[in-house]
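1. Take this sequence and fold it.
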Amino acid sequence: MLGGPRPRLEEFFRIVRIAWEFLNGFRKLHFAGPCVTVFGSARFQEDNKWYSLARQVGAELGRRGFTVMTGGGPGIMEAANRGAREVNAPTIGCNIVLPHEQIENPYCDTTVWFRYFFIRKVMLVKYSYGFVVMPGGFGTLDELFEALTLVQTKKIDNFPIVLMGCEYWDELFDFIDQRLVRDETISPHDRSLYRITDNPVEAADYISETARRRFGLKYGEKVPRRWWLFE
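-> Numbers count the residues shown, from 1 in each chain. Purely as a prediction, here's the structure:
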């Protein structure tokens, strides 16, 4: 927990913990292959329509040769990992230590635990060639807008970002169109940074085709690393 300036020795050990988490994440995920990260709420149960949709998304991404990465918890994260597992695609969970909600789902081939949210988010972005955003709460919104900001500011490449569930996202993106674009806090071009759909096949095809065209991904071949600074 961050709580303002602390004694220097305490701050030193905090830096050591942060560095260890980065190194542990890099070590465990270095050979993950081309991933797509699926974001979404931990609170949806198996009988929820968004859980079912996320499961389909995970399966479609897996069929196209991607490793499906999530936050490793229940709900949408479980559903996406589960869908990928059902088509024999690799699955990864980048889990976070929280006082409630965040338990490990049983569909992750590899799980990495993190204490710090910002390190976890680096890992979810670093190894991904696309992002799928399912319905969710504050955490999902944070991950969505961080991904959009990183692409917008060219801190990461122009990776495809797909939002699943038109009815869930319509009001939010009406606000973006009617307020942010109108007031010029974003440019009209920024609306092209994302796509909204209800169709998991369309979403997976868009990510797969975009990743092949922009980044030269080919099935069965070693994928070149993108963030040379971290290698």
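
2. Could you grab the helix/strand/coil label for the most centrally placed residue in the chain?
-> In the chain, the centroid-proximal residue (Cα atoms, centre = their mean) is residue 37; its distance is 3.4 Å. Under DSSP: H, G, I helix; E, B strand; the rest coil, residue 37 falls in the strand class.

3. Return the residues in contact with it.
-> Residue 37 makes contact with 69-70, 124-125, 128, 130-132 under the criterion Cβ atoms under 8 Å, 6 or more residues apart in numbering. For glycine as for every other residue, the C-beta is placed from the backbone atoms N, C-alpha and C.

4. out of these, which are buried?
-> Buried members of the contacts of residue 37, counted by 16 or more other Cβ atoms under 10 Å: 69-70, 124-125, 128, 130-132.

5. how many neighbours does residue 121 have?
-> 21 (other Cβ atoms under 10 Å).

6. That one contacts residue 143, correct?
-> Yes. Counting by Cβ atoms under 8 Å, residue 143 is a contact partner of residue 121 at 6.8 Å.

7. buried ones in the lengthiest helix in the chain?
-> The helix that spans the most residues within the chain, counting by DSSP state H, is helix 8-29. Neighbour-count burial for helix 8-29 flags 21-22, 25-26, 29 (criterion: 16+ other Cβ under 10 Å).

8. And for that helix, what's in contact with it?
-> For helix 8-29, using Cβ under 8 Å, 6+ apart, the contacting residues are 5-6, 92, 94, 110, 112, 114-116, 119, 122-123, 126-127, 230.

9. Sounds good, over and out.
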